[in-house]
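**Q** Sharing a model prediction with you, sequence too.
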2 protein chains.
Amino acid sequence: MNDKILSISRRLRSTPFTRRVEAAGVKAYTVYNHMLLPTIFESVEDDYWHLCEHAQVWDVSCQRQIAVKGPDSQRLVQMMTPRDIRRAVPGQGLYAPLCAGNGGILNDPILIKISADHWWFSIADSDIKLWASGLASGYGLNVEIIEADIWPLAVQGPKAEELIVRVFGEEARDIRFFRSKMLDFRGRRMMVARSGYSKQGGFEIYLNDSDLAEPLWDELFEMGRDLNVKAGAPNLIERIESGLISYGNDITDEHNPFECGLDTYIDLDADIEALSLPTLRALVGKHANQLVGLSFDQPMEFHSSEVILGNRVIANISSQVWSPRFRKHLALAMVKRDYLASHSEVEINGQQGRITDLPFTHSATG
Amino acid sequence: MNDKILSISRRLRSTPFTRRVEAAGVKAYTVYNHMLLPTIFESVEDDYWHLCEHAQVWDVSCQRQIAVKGPDSQRLVQMMTPRDIRRAVPGQGLYAPLCAGNGGILNDPILIKISADHWWFSIADSDIKLWASGLASGYGLNVEIIEADIWPLAVQGPKAEELIVRVFGEEARDIRFFRSKMLDFRGRRMMVARSGYSKQGGFEIYLNDSDLAEPLWDELFEMGRDLNVKAGAPNLIERIESGLISYGNDITDEHNPFECGLDTYIDLDADIEALSLPTLRALVGKHANQLVGLSFDQPMEFHSSEVILGNRVIANISSQVWSPRFRKHLALAMVKRDYLASHSEVEINGQQGRITDLPFTHSATG
């Protein structure tokens, strides 16, 4: 396909940062949770190298915060995820797959505990508020569920910590991974977490006052001038090299956590009310597919996402990119486990692709 | 904003028609139900005039069909909509706003009755399957809910009937508005309805075998050569002139049916289990806003969707376009009812906009 224009309408919501994103020269968007998500500023590769060396500011407002408040909020949240949330502490983020009764993944948010009766799902691309609302209604739960006026802004890259400290103070430095602090910007307290959709390190600012969006953006650029700060976005090369899976791309509601390597984020033995647990317990060891990495020695053109051997689809490629760091073509693919049991490679277009665990490493891509 | 590229990934699902859409020279897409929806082939205006004069084939696969089957299916569907569905007959489509307990609109699908225990929601842009699934789980309903492998293809325009008759036979001619028949294409029976998102007349084919997508597309073009058939898409000019509202653009879950002029599609006095009915009954006459049309004598540039009078937002513009037919700039806007009670115009950028009912007509636009 050649490049196509995105027809922008109000339905594809802009964010409090969109004017600054446009002024920074955004070239491409995707749509995520009915909202504009920038994808490219210079080029995917230029943006990649910059992200790995400096600091970038990302408008990830599309990570909408679905807030669940009220006496039954913890119960509802626990029904939605097979991860045991009972030991979470306020301010902590938990990567928490949300699973339907049949075990299928409906979203893979970061779940943030604000307090015992107030939780946020920082969601991937599906209208999880609708599922939560349906459950709350049907089970008669005493909760309020809203999409909160919170606009996440990520600061990512090796110089991100320095930049965040300059804007939010030294307190930010000892925020641990997936933990947060309430910090001050222009007299407003907002959550700042050490997190983000890259492996280059960084923070996410949960802006809770849209009037401060442009002042915050501007101050990050002002204070970061000598750090070579630039506007950026979740980067296709970096996220695939890092093995970061993407809901809707690599995993869908047709997959269960076992297939996606998310076993470590679910608590099969916990005495919790998760709607998916009975099914997931019965599925242990029985899943048919496994998400793995593939690496090829030369740039590839995949004419189909399906990899066929004989008459059988043995793999489905979900994401792929040429890695300028590894000088390999990398792909994420859902592969039949019985094929994996006896093969370490897969052939596509006459090229051998090496099957590897995720994330990709120099040695694994060999 | 200048034109931006849409970054296409697997998460923005392609359709069984996408290869043909690309070959037909699509220039722009939007994203709808996580799926590509073509928007422009020649230009919005060229596409508009063609639609009003000939026949167009539209890939509207993104109108996903959420199928609800099983003994409790009618009960679940009725819980979701305040429109009384009890008199629907098999094959009939009903425009049925779906409303939450607070009266907010969660989607405005065409509800299609397949049989007493099998219903389809032909949905607008929200993951209504998640709401249905949550309700079914919480209320313990015996239903199966799936996104069906159905790929709607619309044929719209004044020559659409002739084209449909050539491909599906004379039987198609007496399908009434919002009714359907099961008709044959290459030995496969599929639903063909007289419906579609334009006021130019036309049909929607509910293709139920993706392998027939390209043969169906090709046959429509082959048989329609002398009808000047072209690839098209829901057209911004045509839909605004026609006053067709768009979920996510003109109405959202923050609006109730009264504000959107959808009173006629709800049955306040019916003895039905709709979750929204108690709230909607209490809201009668109390809604604060009303969706209306605005028309201006010259092309407008709106710098904000908000229209402010004094210190108060009196209107929110949700969609707008220059109409080459009326030679007016037309907008849809949610306007405060107390303002409407004493005004027939609204001033924006020093220009007077005339307030009109929908759809726009030559006489109303002056």
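**A** On my side now, so go ahead.
**Q** all contacts plus neighbour counts: C-alpha atoms, from now on.
**A** Will do.
**Q** where exactly do the strands run in the stretch 251-366 of chain A?
**A** A:289-296, A:306-309, A:312-323, A:328-336, A:345-348, A:351-356 (DSSP state E, counting those that start in this stretch).
**Q** which stretch in the ones you listed is the model least sure about?
**A** Of all the strands of the stretch 251-366 of chain A, mean pLDDT reaches its minimum on strand A:306-309 (a mean of 91).
**Q** Dump it to PDB, restricted to CA.
**A** Extracted C-alpha coordinates of strand A:306-309, given in PDB (Å, rounded to 0.1, in the frame of the first residue of the first chain):
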ATOM      1  CA  GLU A 306      -0.200 -16.400   7.400                       C
ATOM      2  CA  VAL A 307       2.700 -18.900   7.100                       C
ATOM      3  CA  ILE A 308       1.600 -22.100   5.500                       C
ATOM      4  CA  LEU A 309       3.400 -25.400   5.600                       C
END
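**Q** Outside of that strand itself, which residues are in contact with it?
**A** Identification of contacts with strand A:306-309 by CA atoms under 8 Å, 6 or more residues apart in numbering or on different chains yields A:313-317, A:348.
**Q** Contact residues of the stretch 101-250 of chain A facing chain B?
**A** Taking CA under 8 Å from any CA of the partner chain as the contact definition, the stretch 101-250 of chain A meets chain B at A:126-128, A:130-140, A:247-249.
**Q** ok so, going back, among the contacts of strand A:306-309, who's most crowded?
**A** Top of the contacts of strand A:306-309 by neighbour number is A:A315, holding 24 neighbours under the definition other CA atoms under 10 Å in any protein chain shown.
**Q** List the contacts of that one.
**A** Applying CA under 8 Å, 6+ apart, we find A:A315 in contact with A:306-308, A:333-336.
**Q** what's the spacing between it and chain B?
**A** Per CA to the nearest CA, to the nearest Å, A:A315 is found 15 Å from chain B.
**Q** Then A:A88?
**A** A:A88 sits at a distance of 25 Å from chain B (criterion: CA to the nearest CA).
**Q** In stretch A:17-29, which of the residues would be classed as buried?
**A** With burial defined by 16 or more other CA atoms under 10 Å in any protein chain shown, the residues of stretch A:17-29 counted as buried are A:17-18, A:20-21, A:26-29.
**Q** So which of those sit within helices?
**A** Under the assignment DSSP state H, these contribute A:18, A:20-21 to helices.
**Q** still on that earlier bit, filter the residues of the stretch 101-250 of chain A next to chain B to the buried ones?
**A** Counted by 16+ other CA under 10 Å, these give A:126-128, A:130-139, A:247-249 as buried.
**Q** Run the chain-centre distance for the strand or helix carrying A:E238.
**A** Element membership for A:E238, per DSSP states H and E: helix A:236-241. Chain-centre distance of helix A:236-241: 12 Å, with CA atoms, centre = their mean, to the nearest Å.
**Q** Closest one of the buried residues of stretch A:17-29 to chain B?
**A** Taking CA to the nearest CA as the measure, chain B sits nearest to A:A28 out of the buried residues of stretch A:17-29, at 4.4 Å.
**Q** measure that closest one to A:I317 for me?
**A** Separation of A:A28 from A:I317 (CA to CA, to the nearest Å): 23 Å.
**Q** In the stretch 51-200 of chain A, where is pLDDT below threshold?
**A** Judged by pLDDT under 70, the stretch 51-200 of chain A has no weakly predicted residues.
**Q** circling back: contacting residues around the helix holding A:E238?
**A** A:44-45, A:48, A:197-199, A:245, A:319-323, A:330-332, A:359-361.
**Q** again with stretch A:3-10
**A** Residues contacting stretch A:3-10 (CA under 8 Å, 6+ apart): A:29, B:3-6, B:26-30, B:39, B:248-249, B:318-319.
**Q** now, which of those sits nearest B:G224?
**A** B:V26 (19.1 Å; CA to CA).
**Q** Check which helix or strand A:D47 maps to.
**A** Using DSSP H and E, A:D47 falls in helix A:44-53.
**Q** And that helix, what does it pack against?
**A** helix A:236-241 (3 or more CA pairs under 8 Å, 6 or more residues apart in numbering or on different chains; DSSP states H and E).
**Q** Cheers, nothing more for now.
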